[in-house]
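# Okay, here's the prediction I keep looking at, along with the sequence it came from:
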Amino acid sequence: MIKFNELQPSNKPGYRLRGDMAAGISLPLIQKVILEHNDRDFGLPISIQQDQIKSGGLLNPSFEDCLILTNNEHPYDYFKYCITLKKQGKMATVDMHYYGRSALTGEMNRAEERKNKISGMIANAIKGSNQAGVKAEYEYYDMLEQLFSEVFQ
């Protein structure tokens, strides 16, 4: 279960569907279509599980079904994506958020914070950050968002 306040908006706006597409859409169908499209055209190392988002307090909790997309090669090192589906009238909205932690992004942010101090410059010279790894990670996120765009266009 994911807490609502852990979710961060992705760069993409929600995808809006209407008519027959909105009427027939469901989280299991979204999961199936993403995995099929990925297998056919992208080959990204992803898995998708169903989960829930909890919001509200102890006395008034609410729960929303969602899909969690994880990178199989970096399950604890990359951000995870949370996909939600909301239907209203004859329209449906699919939203993507991310949550979790990225070890490389955290390392890069710490190096950026240290760079203006002498001791930080020395630490950065010794430790540095894995810029190639960060680049590969963010290319993965770009490819994943391209996959989402192709599935929901």
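Arrived safely. Numbers count the residues shown, from 1 in each chain.

# Please count neighbours and contacts with C-alpha atoms only from this point.
Fine.

# Which residues are in contact with the one residue sitting closest to the centre of the chain?
Geometric centre of the chain, nearest residue: residue 81, 2.2 Å, by CA atoms, centre = their mean. Neighbouring residues of residue 81 by CA atoms under 8 Å, 6 or more residues apart in numbering: 68-70, 96-99.

# So what are the sheet partners of whatever helix or strand it lives in and their directions?
According to DSSP states H and E, residue 81 maps onto strand 80-88. Applying DSSP bridges, strand 80-88 is found paired with strand 62-71 (antiparallel), strand 91-99 (antiparallel).

# Please tabulate these in JSON lines, including the columns mean neighbour count and distance to residue 16.
Formatted as JSON lines, these follow (neighbours: other CA atoms under 10 Å; distance: least, CA to CA, whole Å):
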{"stretch": "strand 62-71", "mean neighbour count": "18", "distance to residue 16": "17"}
{"stretch": "strand 91-99", "mean neighbour count": "20", "distance to residue 16": "5"}
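
# which one of those lies closest to residue 20?
strand 91-99 (9.3 Å; CA to CA).

# helices and strands of this protein: which one has the lowest mean pLDDT?
Lowest on mean pLDDT, DSSP states H and E among the helices and strands of the chain sits helix 118-126, with a mean of 52.

# re earlier: nearest to residue 8, of the strands paired with strand 80-88?
For residue 8, the closest of these is strand 91-99, at 5.3 Å, according to CA to CA.

# and that closest one, how far from the chain's centre?
The chain centroid and the centroid of strand 91-99 are separated by 10 Å under CA atoms, centre = their mean, to the nearest Å.

# residues in contact with that strand?
If you take CA under 8 Å, 6+ apart as the criterion, strand 91-99 is touched by 6-10, 12-19, 22-23, 25, 79-87.
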